[in-house]
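Participant: what would the 3D arrangement of this be:
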Amino acid sequence: MDITGRMLIAMPGMADPRFEQSLIFVCAHSDEGAMGLVVNKMADDLKLADLLEQLEIEASPGARRMPIHFGGPVESARGFVLHDAGYASSISSLDVDGTFAMTATVDILEDMAAGAGPDAALIALGYAGWGPGQLEDEIADNGWLICDASAKLVFGTRPEDKWTAALATLGISPLALSAAAGTA
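Facilitator: Purely as a prediction, here's the structure:
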């Protein structure tokens, strides 16, 4: 089952505290493993303006103002921009599913600093990664639920509300969840 372009919702029994109540957009999933971005956790008080300054990119008055997300624990100094598929980097964008795309090259930040770039975007430092079969095992062990991704959920919902909103797309209340898995 390929879950590229879908969301992983962390279950209450998530063993890794870095992913407690996380919502992860899956950018790539295959037999070789999976890669995704946490879309509901913020990097500590880091903003796009700070990132542009560190990269010595001059921001125009029309530059976007946005926070930076904690994308995951892997390569935490590397930046990724999850965005609508209507924008394509002049260097390299990964079309995830026709609705979402991801770019990890500096040209997208230069475009955003100039007041251009994608209509909808989320910037993350680091990513979540799984080796072959690892994510499938975690899903089977009740670590994650899967739901469809939407632009409204990813880009239009406050970070602190995304986990609950993702559960609601499945008709689930957080109060109804259990940390224990079972079989019938």
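Participant: for Ala181, report the pLDDT, please.
Facilitator: In this prediction, Ala181 carries a pLDDT score of 53.
Participant: tell me the strands beside the worst-scoring helix or strand of the chain on mean pLDDT, with direction?
Facilitator: Per-element confidence for the chain was summarised using mean pLDDT, DSSP states H and E. The lowest value among helices and strands belongs to strand 42-47, with a mean of 85. Each strand that pairs with strand 42-47, with its direction, by DSSP bridges: strand 67-70 (antiparallel).
Participant: contacts for the strand it pairs with?
Facilitator: Contacts to strand 67-70, defined as C-beta atoms under 8 Å, 6 or more residues apart in numbering, come from residues 37-43, 46-48, 50-51, 76, 122-126, 159. Every C-beta, even on glycine, is put in place using the N, C-alpha and C of the backbone.
Participant: buried set for the helix or strand just after that strand?
Facilitator: Elements were assigned by DSSP states H and E; along the chain past strand 67-70, the next helix or strand is strand 74-84. Going by neighbour count (16 or more other C-beta atoms under 10 Å), the buried part of strand 74-84 is Gly79, Phe80, Val81, Leu82, His83.
Participant: pLDDT score assigned to the residue nearest to the spatial centre of the chain?
Facilitator: To find the centre residue of the chain, average its C-alpha atoms and take the closest one (C-alpha atoms, centre = their mean): that gives Leu37, at 3.0 Å. For Leu37, the pLDDT comes out at 97.
Participant: from Glu136, how far off is it?
Facilitator: Noted for Leu37: a distance of 19 Å to Glu136, by C-beta to C-beta, to the nearest Å.
Participant: do the same with Met7
Facilitator: On the measure of C-beta to C-beta, Met7 and Glu136 end up 16 Å apart.
Participant: so between the two, which is more surrounded?
Facilitator: The neighbour comparison of Met7 against Glu136 (other C-beta atoms under 10 Å) goes to Met7, with 25 against 15.
Participant: below-threshold pLDDT in this structure: ranges please.
Facilitator: The model of the chain has pLDDT under 70 over residues 178-184.
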